[in-house]
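Trainee: next input, structure requested:
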Amino acid sequence: MPAKRKKAAKKTTRTTRAAKPDQSDALLIVPAAGSPLGPAQAEFNKLMKRLAGERRKLESHRERLDRDLEIVHRDLMPVLENIHRADRDFVLAGAAALEEIKLGKKRRGHFGDLLAEMAADLLDDSAGLASEDLEMLEGVFNKYDRHAAERAEAEGHEFDFFRAMFDELARKAGVDVDLGDIDPAGDPVEVERKLQEKLEAFQNAARSGKPSPRACKPTKKQLEKERLQRELKEAKTRDIKSLYKQLAKALHPDLEPDPTLRAHKEIWMKRLTAAYSGGDLRDMLEIEMEWLGEESGNLAQASDSKLRAYSMVLKEQIATFGRQIAELASEPQYSPLTRFVNRFTGRLGAHETVKREMQKALRVRRALVKDLAAPAPGPKLAIEDWADERARQLGRDVFHF
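Mentor: All right, here's what the predicted structure looks like:
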């Protein structure tokens with residue numbers, strides 16, 4: 001029996017030690033001893049904890065992305081740039097070889113397709129290449145791309161179909177908008193601009209010509225809901241503005257005669273202004289407590305209407321953090337990661353493994369470039385093999401002649 005009590009006591013000690021106070025607890029409402037939290041107070045505390053959790057999640061996500069980005073720039077991008085340069089050398093050497101080596105028409109076509117495809121890939125993803133490289137690659141692409149005319153024709157058919165549909169919609173809506181002056185083969189930017197103008201003109205004309213739908217009379221329940229939402233919105237704006245004015249009066253540097261304190265207050269005032277401009281209630285409450293020596297007990301004295309207004313702000317901030325977390329990896333500075341992260345997990349895997357695979361691919365590419373620089377008939381035989389392999393990949397016959 002004593003042994004069981006000892007074991008239970010040990011377990012209790014571990015549980016007590018694990019329960020560490022969260023830093024966000026300083027902003028939670030602490031009721032008077034023995035008094036339960038009201039519904040508005042409990043909602044405020046719950047939202048404050050959720051907001052602190054979302055902030056930690058965003059910071060953790062950003063730290064992980066920054067670490068992954070550092071690994072990519074240090075270990076992976078240099079290898080990728082070398083791969084691109086090896087591919088550039090292969091494309092340019094292959095194009096030069098096609099000028100000198102006699103090949104059958106079909107093999108020449110297959111190998112030209114391969115060069116045009118590789119050139120297009122490098123033009124789309126040019127890490128490690130200079131502007132002079134891109135000019136030469138564009139020349140190779142334009143020379144050996146046999147499908148440009150087919151693509152232009154297909155795009156023309158698609159535009160004709162779109163124009164016919166648009167004309168039919170405009171006719172039914174009684175709107176006079178014509179796409180006849182748009183040339184789909186023209187400058188893409190200009191084509192897009194004209195299309196946008198036509199679509200906006202169509203929408204405006206259709207909107208002005210249509211009678212407005214008859215509005216249904218709102219029910220008493222809807223009117224009451226709208227009234228409560230309006231009052232809450234007004235209270236939110238009023239109470240946050242009131243908090244800002246109260247803090248600004250205490251922190252404004254122009255009202256401080258002491259030069260040292262004035263400089264200190266300038267920093268606090270900038271922080272307060274940034275928090276107010278961004279609607280950051282949490283930061284404003286932190287400033288209130290840190291500067292004025294406020295404690296969470298003061299929030300316990302706040303009215304329910306004020307707490308409901310604060311809760312509305314906190315919900316908006318939580319939603320904003322959620323969007324920021326979801327969109328963080330799409331920020332421009334993290335674009336290099338998209339080449340290497342797992343498309344299912346969105347995370348960088350074992351980068352050493354990725355690096356080894358890339359280095360292996362680099363060695364293969366450099367060997368291909370060496371094949372093109374070998375003595376005759378090495379380059380011709382290599383090009384024939386590559387052309388036949390491409391034909392096999394496309395499901396065509398291999399030509400032996």
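
Trainee: how about the residue most central in space within the chain, what does it touch?
Mentor: Nearest to the mean C-alpha position of the chain, counting by Cα atoms, centre = their mean, stands S330 at 1.9 Å. For S330, no contacting residues are found, by Cβ atoms under 8 Å, 6 or more residues apart in numbering. Where C-beta positions appear, they are placed from N, C-alpha and C, glycine not excepted.

Trainee: check what pLDDT it gets.
Mentor: Reported pLDDT at S330 in the predicted model: 88.

Trainee: any idea which element D183 lies in?
Mentor: Here D183 sits in a region with no helix or strand, counting by DSSP states H and E.

Trainee: report the contact partners of it.
Mentor: V191.

Trainee: how close does it sit to F161?
Mentor: Taking Cβ to Cβ, to the nearest Å as the measure, D183 falls 16 Å from F161.

Trainee: next one: G112
Mentor: 31 Å.

Trainee: compare neighbour counts for these two and give me the winner.
Mentor: More crowded of G112 and F161, by other Cβ atoms under 10 Å: G112, with 20 against 10.

Trainee: wasn't the more buried one part of a helix?
Mentor: Yes. Assignment of G112 by DSSP: H, G, I helix; E, B strand; the rest coil places it within a helix.

Trainee: so it touches Y144, yeah?
Mentor: Yes. Judged on Cβ atoms under 8 Å, G112 makes contact with Y144 at a distance of 3.6 Å.

Trainee: overlap in contacts of these two?
Mentor: Counting by Cβ under 8 Å, 6+ apart, the shared contacts of G112 and Y144 are L98.

Trainee: where does pLDDT dip in the stretch 151-300 of the chain?
Mentor: Applying pLDDT under 70 to the stretch 151-300 of the chain flags the ranges 151-157, 159, 175, 185-188, 206-217, 220, 223-239, 288-299.

Trainee: equivalent analysis for the stretch 301-401 of the chain, please.
Mentor: 395-401.

Trainee: residue boundaries of the helices in it?
Mentor: 304-327, 351-372, 378-393 (DSSP state H, counting those that start in this stretch).

Trainee: repeat for the chain
Mentor: Assigned by DSSP state H, the chain shows helices spanning 2-18, 39-71, 77-100, 105-124, 131-144, 148-173, 188-209, 220-251, 259-277, 281-292, 296-300, 304-327, 351-372, 378-393.

Trainee: same list (those) but as CSV, adding distance to I29.
Mentor: Shown next, in CSV, are those (distance: least, Cβ to Cβ, whole Å):
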stretch, distance to I29
helix 2-18, 24
helix 39-71, 5
helix 77-100, 50
helix 105-124, 56
helix 131-144, 61
helix 148-173, 57
helix 188-209, 49
helix 220-251, 15
helix 259-277, 20
helix 281-292, 11
helix 296-300, 5
helix 304-327, 8
helix 351-372, 46
helix 378-393, 68
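
Trainee: out of these, the one nearest A32 is which?
Mentor: A32 lies closest to helix 296-300 among the helices of the chain, at 7.1 Å (Cβ to Cβ).

Trainee: for A130, what are phi and psi?
Mentor: phi -90, psi 170 (degrees, to the nearest 10).

Trainee: cool, D125 as well?
Mentor: The phi and psi torsions at D125 (degrees, to the nearest 10) take the values phi -130, psi 90.

Trainee: swap in A350?
Mentor: Phi and psi for A350, reported as degrees, to the nearest 10, are phi -70, psi 100.

Trainee: what's near enough to touch it?
Mentor: Residues counted as contacts of A350 (Cβ under 8 Å, 6+ apart): none.

Trainee: please tell me how far it sits from Q203.
Mentor: A350 is 51 Å from Q203, by Cβ to Cβ.

Trainee: swap in K380?
Mentor: 60 Å.

Trainee: E389 now?
Mentor: Distance, E389 to Q203, by Cβ to Cβ: 52 Å.

Trainee: repeat for A329
Mentor: Counting by Cβ to Cβ - A329 and Q203 are separated by 34 Å.

Trainee: so between those two, which is more surrounded?
Mentor: Neighbour count, other Cβ under 10 Å: between A329 and Q203, A329 has more, with 18 against 13.

Trainee: pretty sure that one contacts R64?
Mentor: No. Using Cβ under 8 Å, A329 is not in contact with R64; the gap is 9.9 Å.

Trainee: joint contacts of the two?
Mentor: By Cβ under 8 Å, 6+ apart, no residue touches both A329 and R64.
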